[in-house]
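[1] Sequence and computational prediction follow.
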Amino acid sequence: MSSIFEPVQIGALKLHNRIVMAPLTRNRSPNAIPTDLAVTYYRQRASAGLIVSEGTVISPQGQGYADVPGLYSTEQIDAWKRVTAAVHEAGGKIFCQIWHVGRVSHTDLQPDNQPPVAPSAITAKTKTYLLKDGVGSFAETSHPRALRAEELPGIVRDFQHAARNAVLAGFDGVEVHGANGYLIDQFLKDGANHRKDDYGGSIENRARLLLEVMRAVTEEIGGDRVGLRLSPITPANDIVDSNPQPLFEHVARELAPLRLAYIHVIEGATGGPREIADRPFDFGAFKSAYQTAGGKGAWMVNNGYDRAMAEKAVANGADLVAFGRPFISNPDLVHRLRENAELNAADKTTFYGGGAKGYTDYPTLNG
Ligand code: 8OZ
């Protein structure tokens with residue numbers, strides 16, 4: 001039987017174990033450039049089989065929170081080079097999560113204080129995070145404008161450039177953020193997408209932007225360096241679809257030929273319950289649709305896993321298990337899980353923004 005602690009081959013990558021550090025937004029990159037603290041933070045966590053970086057924006061328009069990093073300038077590439085070198089030196093592997101927030105943004109964060117962009121001009125009833133003079137605050141998202149169809153190729157290109165930049169920065173690959181109510185998920189789901197053109201209406205049309213992005217990114221850097229994060233039923237960021245099962249089974253079938261490294265699935269509400277009463281979804285059927293269509297990518301599961309649940313998931317056919325919050329407060333999470341050791345509690349007040357406190361100062365078992 002395979003164990004979460006044993007090495008595994010995923011596409012071109014040999015991972016030390018099946019434990020993945022999930023992407024975690026930490027808001028510590030002023031001017032969208034990661035700092036020395038990020039180098040330390042990621043190096044400390046390099047015993048994960050794979051690290052997926054925090055969401056990293058593909059363009060200034062793709063930004064929705066204060067002080068998140070980007071991957072569209074030379075300065076950003078140079079800063080990330082130091083992070084990836086540190087992780088590699090410590091024996092780890094790291095993908096960059098590439099991200100466009102769509103409507104989950106605020107005019108204060110947008111170029112020239114323009115409204116954020118979205119498939120349709122529908123406000124997300126959710127909050128974003130602003131920083132003014134070092135003081136953080138949560139704010140209602142701004143009313144977005146609908147993207148014109150002519151603008152979409154530019155967004156696909158921004159994802160493609162970010163993937164190329166990720167390779168230049170030394171990342172082992174990228175994870176496209178198709179989850180949690182951000183731009184790609186907004187196009188997928190009919191609660192946010194009321195378009196009348198080729199990108200709205202039918203399931204095929206709503207999946208079009210995602211698939212164009214995935215084809216562009218895989219052509220750019222090779223499918224075996226590309227993962228995708230999806231969250232079929234999460235209510236995060238005010239997102240909903242009236243019939244997610246056929247939508248995601250269509251997506252699964254279309255992804256199969258792209259030879260992706262992995263599909264990363266958030267089961268349930270992001271960071272919340274795994275079951276949602278009014279949002280039934282058969283995750284097994286979703287996976288079968290992918291594999292029946294010939295999809296060979298690793299299957300990464302995520303949401304509220306502990307060691308016992310993770311072992312069970314792998315025994316039942318999952319290839320990788322992602323852990324989020326436990327990695328914030330336990331840089332040596334893999335070691336602690338292996339030893340069945342107690343975990344450090346996470347301090348929520350230092351999740352978003354700030355400096356070393358609650359970021360690089362959590363102790364390992366060995367001190
Ligand atoms: C928490 C805070 C801000 C952003 C996500 C990128 O939900 C995020 C995020 C999470 O995927």
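    Yep, that arrived.

[2] List the contacts of the residue of the stretch 251-367 of the chain at minimum distance from the ligand.
    Closest residue of the stretch 251-367 of the chain to the ligand, CB to the nearest ligand atom: Thr270 (5.6 Å). Every residue, glycine included, has its C-beta placed from N, CA and C. Thr270 is in contact with 179-180, 231, 234, 236, 303, counting by CB atoms under 8 Å, 6 or more residues apart in numbering.

[3] Which members of these additionally contact the ligand?
    Restricting those to those near the ligand by CB under 6 Å from any ligand atom leaves 180, 236.

[4] what does the helix or strand where Val83 lies rub up against?
    For Val83, the host element (DSSP states H and E) is helix 74-89. For helix 74-89, the surrounding residues in contact (CB under 8 Å, 6+ apart) are 32-36, 38-40, 42-43, 46, 51, 53, 56, 69-71, 93-94, 96, 165-166, 168-172.

[5] Kindly recompute the last result at 7 Å.
    With contact meaning CB atoms under 7 Å, 6 or more residues apart in numbering, helix 74-89 is reached by 32-34, 38-39, 42-43, 46, 51, 69-71, 94, 165, 168-171.

[6] where in the protein is pLDDT low?
    Scanning the chain with the threshold set as pLDDT under 70 gives 1.

[7] rewinding a little: whichever of the contacts of Thr270 end up buried, select them in PyMOL.
    Here is the PyMOL command that selects the buried residues among the contacts of Thr270 (16 or more other CB atoms under 10 Å):
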select buried, resi 179+180+231+234+236+303
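
[8] Please name the strands paired to the following helix or strand past the helix holding Val83 in the sheet, noting orientation.
    Using DSSP H and E, the helix or strand that directly follows helix 74-89 along the chain is strand 94-99. Its sheet considered, strand 94-99 pairs with strand 50-57 (parallel), strand 173-177 (parallel) by DSSP bridges.

[9] if we can go back for a sec, just the contacts of helix 74-89: which are in helices?
    In this view, the contacts of helix 74-89 that belong to helices under DSSP state H are 38-39, 42-43, 165, 168.

[10] Which among these count as buried?
    Buried members of these, scored by 16+ other CB under 10 Å, are 38-39, 42-43, 165.

[11] Would you format these as CSV with distance to Ser3 included?
    Listed next are those as CSV, based on distance: CB to CB, whole Å:
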residue, distance to Ser3
Ala38, 31
Val39, 31
Tyr42, 25
Arg43, 25
Asn165, 35
